[in-house]
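In: pasting the sequence and the predicted coordinates here, then a few questions.
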Amino acid sequence: MRGGGAAYIKPPFLMIFDPDLMPPTSPPILAAIAIALAGLLSGCGQGQKQAAPPPPKVTVAKPAQRTIVDQDEYVGRFVPVNVVEVRARVSGYLDQIHFTDGQIVNQGDLLFTIDKRSFQNTLDQARANLETAKSNVVFTQSDLSRGQQLLRDRTISEQIFEQRAQAFRNAQAAVAASEAMVRQAALDLEFTELRAPITGRIGDRRVTQGNLVTGGAGGNTSMLATIVSIDPIRFEFTFDEASLLRYQRLATGNTEMTGLGNTTVRLKLLDEPDFSHSARMDFVDNVIDRATGTIRGRAQLDNAQGLFTPGMFARVQVPASTPYEALMLPDAAIGTEQARKFVYVVDQDNISRLRYVTLGQLVGDLRVIKDGLSAGDRIVVNGLMRVRQGQKVTPEEQAASPQASVPAAKTTGKPD
């Protein structure tokens, strides 16, 4: 208490630092306290400081060099070389069916038989009429011969002789007409047996046995079945106008590329991993479709095993360049930065450098690098996620890829 006023008590935390209440301290004690505090602070700093991590280990390899051909990829359908609708050519009741739905038929195999009894009767009648006409020719010819002698003897007039000559000519014409009727009746009788005009797979029967079928040359004839050829088979696809121009310029002055009209292409079915089927282009349409801006191309290939079915989808690769040397990397070594692709190149000081690249097609498990790399670059092919731009790394060399030539037939994929 100071003075004579009211009592005042300081809080404990203020009383500690009050110089009036602090006992006197000697300089040696203060120096010892300062040294202890400095040691304590130094120990706290050393506890927070950590050792720097070692450079990450990555696997590096040089780009593989291979001879490849760029490929354009399209989707198309298989179509048969020949399609025939088996229709009745004469009218009558369907008597017999000689095939199983969906079987392979050979050219000339009997498919349907129409009741031929009425046609046989017509043929017999025509043949009888022909014999009558021939008999009439013999009679009129003899009569004409006698008339010639009588005309020389002045026994008959020239008018009667001309009448006999006319009767002979009419008889000859009647023979010709009867012969034509015989041939037509025989042809109608032959048409009662419908045979396969081509070799291929026949569909299901459209008319069952016992029904009346309509034949003739009109449009109301009865369709009995459909046959499509199987071997060989064609593959049709469409491509755009820019691709057509590129193919045409590629073929100009190039002895190895003969143009779409004679180019070997590769096909792959929907359940196949590789383009393992070879076909040859045999047709390109002569008009670009104005509605779609595309043109139709067609290739033909063997189908002895019956693997390809008309209407089936498949993918086709068309050569889009001449063979060239390309640098290739595993697809897993390529990173993505929004729309750009990049790789990490390790320099001589083992520092990783970001390098933007232009990608080409995928060949097996390797990606073609169009631009951004050189053959001597060391590329990070494993450990891409552990690397940053300008970071020091510990590279492990990977065995170089063989410098083998990859034929165009084995390439797959399409440029990104």
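Out: Right, received. Where do you want to start?
In: quick one: low-confidence residue ranges for the stretch 1-150 of the chain.
Out: Within the stretch 1-150 of the chain, the stretches with pLDDT under 70 are 1-50.
In: show me where it has strands.
Out: Remark: strands assigned in the stretch 1-150 of the chain by DSSP state E, counting those that start in this stretch are 57-61, 64-68, 71-80, 83-87, 92-97, 104-105, 110-114.
In: how about those strands in a markdown table, adding mean neighbour count and distance to residue 203?
Out: All C-beta atoms are positioned from the backbone trio N, CA, C, and that covers glycine. Below are the strands of the stretch 1-150 of the chain laid out as a markdown table (neighbours: other C-beta atoms under 10 Å; distance: least, C-beta to C-beta, whole Å):
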| stretch | mean neighbour count | distance to residue 203 |
| --- | --- | --- |
| strand 57-61 | 19 | 56 |
| strand 64-68 | 19 | 43 |
| strand 71-80 | 18 | 12 |
| strand 83-87 | 16 | 9 |
| strand 92-97 | 17 | 13 |
| strand 104-105 | 19 | 11 |
| strand 110-114 | 19 | 11 |
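In: for those, which one sits closest to residue 315?
Out: strand 71-80 (5.6 Å; C-beta to C-beta).
In: for that closest one, which outside residues touch it?
Out: Strand 71-80 has contacts (C-beta atoms under 8 Å, 6 or more residues apart in numbering) with 200, 228-230, 233-239, 243, 266, 298, 308-320, 361, 408, 411-414.
In: ranges for the strands of the stretch 301-416 of the chain?
Out: Along the stretch 301-416 of the chain, the segments classed as strands by DSSP E, counting those that start in this stretch run 313-319, 324-330, 335-337, 340-346, 352-363, 366-371, 379-382, 394-397.
In: tabulate those strands (TSV), appending distance to residue 105.
Out: Output for the strands of the stretch 301-416 of the chain, formatted as TSV (distance: least, C-beta to C-beta, whole Å):
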stretch	distance to residue 105
strand 313-319	26
strand 324-330	49
strand 335-337	55
strand 340-346	55
strand 352-363	43
strand 366-371	48
strand 379-382	57
strand 394-397	64
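In: okay, these in TSV with mean neighbour count, distance to residue 193 and mean pLDDT next?
Out: Below are these laid out as TSV (neighbours: other C-beta atoms under 10 Å; distance: least, C-beta to C-beta, whole Å; pLDDT from 0 to 100):
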stretch	mean neighbour count	distance to residue 193	mean pLDDT
strand 313-319	20	38	93
strand 324-330	19	61	88
strand 335-337	11	68	87
strand 340-346	18	68	90
strand 352-363	18	56	87
strand 366-371	20	61	88
strand 379-382	20	71	88
strand 394-397	13	78	86
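In: okay, domains of the chain per the record?
Out: Per the record, the chain has its domains at 12-46, 58-69+323-410, 71-80+231-319, 83-115+192-228, by automatic domain parsing.
In: quick one: which of these is nearest residue 173?
Out: domain 83-115+192-228 (25.6 Å).
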